[in-house]
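Enquirer: The following comprises the amino acid sequence and a computationally predicted model.
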Amino acid sequence: MEPIPFQPTLLGKSQHFQTISAHLLARVPGYLPHKVGLLNESAVLPTQEDSGDRLLVHIHRFVEERYHPKPVVVLVHGLEGSASSNYIVHTAEKLLRAGFHVVRMNLRTCGSSLPLARRAYHAGLTIDLETVLDYVRSQISPHVALVGFSLGANLTLKLMGEDQEERNRQRAVLGGRNRKRRRKQSPADTFVAVSPPLELLRSCEQLDSPNCVLYRRMFLKEIKSRAMAGKFGNIPDLERELSHIKNFFDFDHHYVAPNGGFRGAVEYYLHCASRHYVSNIEVPGLVLHARDDPLINPVGWDETDWSALPHIKAEITEHGGHMGWIARRHPLFADRRWMDYRILHFLSDWRDSLR
C-alpha cells in the first residue's frame, strides 16, 4: 500500500508553526507500552578507542527467545537531544506497538551518557553508531534498521556511505587502533534519515541567520553547558571565552572541529556533510525532508541527483518544518504526527520483505 501523503493542517503551513508545534505537542511524552514478553533494560557499551569512554543505550526487546528474528530498530537523536527526547520516545512507542525491538541510543556525552565520556559527539563521529549497531546485531536480532533525526540523520547517511578508511581516521583522532579487515556487511540493513543537514556549511549559515535566533539561542545554551562540563578539553578561562561565542560557526571552529581532528569549522563541515557519502550507499533507505525546514538549507537536497541513487527513496514535502509534519487528522495518525507514520510505514514494508 502506498503511503498517505503529508497534508498540513489548514492553518498550519508555516515552517515555524510546524517546527514548534511538533515540539509542543510532544511535551506530553509518549509512554512505552507494557506488553507481555517486553523487556526494558539499559546497556553500557565501551567505545572503540582505549579511552574508557562509554555509551549508554536503552533496549526494549521481546523475549520469546534471547535471540529472536524479529527486526530491531536503532533510534539516533539530533543536536543536543538524547534517547529521552520526545520525538525519540514517541517513535519508539509506535515501533514497539508494531512489534519491532527498539534501541534508543544516546550519542556520546548526551543524556545519561554525559558522565560516561570525556569527549563530545559531532556530526561526523559515526564509529559510535557502528558500535551500537554491531552490538544489537549480535545480541538482539540479525535484522537491523537505523533511524536518525537531524544531526543523527547526517550521521546515519554518512555511516551508511563511508568506508573503513574514514572510520579508521576517526579512531586515530580518538587514540584508537585501525581495523584492517573490511566489514562483511553493512552496519544496518536499512535506514531512515529524517531532516538531514546534507550540506553542513550552508545549514550552519542558516542557523546563524536572523531567521533562527530563537533556535540558535536554545541550542547554543545547551552546547556551551557541555563545554563547561569539560567535554571539549580543559580550556583556561573557558567561561569568559564562551561569553564571546554568539553563533554556531564560531563554536564549531574553536571547539567542535579541533575536538574532532579538523583544522577548522570549514574543513569539519565539508568532510562530515552527508551529501558526499550518499552515492556510496548500497542498502535500501528513506530520506525525508521538508523544503521549508527553517534549520536546514535545501541546497544539499537540490544538488543531489536522487534519481541516480536506486537504493534510496527520497521524499521532500513543501511544508513540514524541521521534524514537524503536523498533519490533518487521519485514522492512521490520530495524533497528527505524520513523521512517525511515515517511518513506521517504511519499516513495516521492509519487515514484510524479510518474510
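Expert: Nice, I can see it.
Enquirer: From residue 106, how far out is residue 88?
Expert: In this view, residue 88 and residue 106 are 10 Å apart by Cβ to Cβ, to the nearest Å. Heads up, the C-betas are built off the backbone N, CA and C, glycines and all.
Enquirer: and for these two, which residues touch both?
Expert: The contact sets of residue 88 and residue 106 overlap at 77, 82 (Cβ atoms under 8 Å, 6 or more residues apart in numbering).
Enquirer: all helices of the chain, in order?
Expert: Along the chain, counting by DSSP state H, helices occupy 15-25, 86-97, 127-139, 151-161, 164-173, 200-207, 213-228, 238-243, 248-251, 257-259, 265-272, 299-302, 338-353.
Enquirer: I'd like to know which of the ones you listed lies nearest to residue 286.
Expert: Across those, residue 286 has its closest neighbour in helix 338-353 (4.6 Å, Cβ to Cβ).
Enquirer: what helices or strands is the closest one leaning on?
Expert: Counting contacts by 3 or more Cβ pairs under 8 Å, 6 or more residues apart in numbering; DSSP states H and E, helix 338-353 is packed against helix 86-97, strand 144-149, strand 190-194, strand 285-290.
Enquirer: Could you list the low-pLDDT ranges of the stretch 51-200 of the chain?
Expert: Along the stretch 51-200 of the chain, the parts satisfying pLDDT under 70 run over 64-68.
Enquirer: Next, format the helices and strands packed on helix 338-353 as a markdown table and append mean neighbour count and distance to residue 160.
Expert: A markdown table is the format used below for the helices and strands packed on helix 338-353 (neighbours: other Cβ atoms under 10 Å; distance: least, Cβ to Cβ, whole Å):
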| stretch | mean neighbour count | distance to residue 160 |
| --- | --- | --- |
| helix 86-97 | 21 | 19 |
| strand 144-149 | 28 | 8 |
| strand 190-194 | 28 | 6 |
| strand 285-290 | 24 | 7 |
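Enquirer: So for residue 2, which of these sits nearest?
Expert: Among those, strand 285-290 sits nearest to residue 2 (Cβ to Cβ), with 13.5 Å.
Enquirer: Any chance you could list what contacts the closest one?
Expert: By Cβ under 8 Å, 6+ apart, strand 285-290 touches 15, 18, 153, 157, 160, 190-196, 278, 296, 298, 301, 306, 311-322, 324-325, 339, 342-343, 346.
Enquirer: And those residues, which of them are buried?
Expert: Among these, those classed as buried by 16 or more other Cβ atoms under 10 Å are 15, 18, 153, 157, 160, 190-196, 278, 296, 298, 301, 312-314, 317, 319-322, 324-325, 339, 342-343, 346.
Enquirer: pull the CA atoms of stretch 169-184 into CSV?
Expert: C-alpha atoms of stretch 169-184 as CSV (Å, rounded to 0.1, in the frame of the first residue of the first chain):
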residue,chain,number,x,y,z
ARG,A,169,40.6,8.2,10.7
GLN,A,170,38.1,8.7,13.5
ARG,A,171,39.7,6.0,15.6
ALA,A,172,43.1,7.6,15.1
VAL,A,173,41.9,11.0,16.3
LEU,A,174,40.5,9.4,19.4
GLY,A,175,43.6,7.3,20.0
GLY,A,176,42.2,4.0,18.8
ARG,A,177,43.6,1.3,16.6
ASN,A,178,43.0,0.9,12.9
ARG,A,179,40.9,-2.1,11.7
LYS,A,180,42.4,-3.8,8.7
ARG,A,181,39.5,-6.2,7.9
ARG,A,182,36.7,-4.8,5.8
ARG,A,183,33.2,-5.3,7.1
LYS,A,184,31.4,-8.3,5.8
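Enquirer: begin at 267 from here
Expert: Let's use 267 as the start, then, which means that last one is stretch 435-450.
Enquirer: Please point out which parts of it sit buried.
Expert: 435, 436, 437, 439, 440, 442.
Enquirer: Out of those residues, which is nearest to residue 528?
Expert: When the buried residues of stretch 435-450 are compared for distance to residue 528 (Cβ to Cβ), residue 439 wins out at 8.9 Å.
Enquirer: which residues does the closest one contact?
Expert: 526, 527.
Enquirer: And it, how far from residue 398?
Expert: 19 Å.
Enquirer: Then residue 540?
Expert: 18 Å.
Enquirer: between the two, which one's more packed in?
Expert: Ranked by neighbour count (other Cβ atoms under 10 Å), residue 540 and residue 398 place residue 540 first, with 30 against 22.
Enquirer: That one is in contact with residue 420, isn't it?
Expert: Yes: using Cβ atoms under 8 Å, residue 540 makes contact with residue 420 at a distance of 4.5 Å.
Enquirer: Now the common contact residues for those two.
Expert: With Cβ under 8 Å, 6+ apart as the test, residue 540 and residue 420 both reach 459, 462, 463, 464.
Enquirer: Output these as JSON lines; include the columns distance to residue 381.
Expert: Putting the shared contacts of residue 540 and residue 420 into JSON lines (distance: Cβ to Cβ, whole Å) gives the following:
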{"residue": "459", "distance to residue 381": "29"}
{"residue": "462", "distance to residue 381": "29"}
{"residue": "463", "distance to residue 381": "28"}
{"residue": "464", "distance to residue 381": "33"}
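Enquirer: which among those residues gets closest to residue 483?
Expert: Closest to residue 483, out of all of the shared contacts of residue 540 and residue 420 and judged by Cβ to Cβ, is residue 463, at 18.8 Å.
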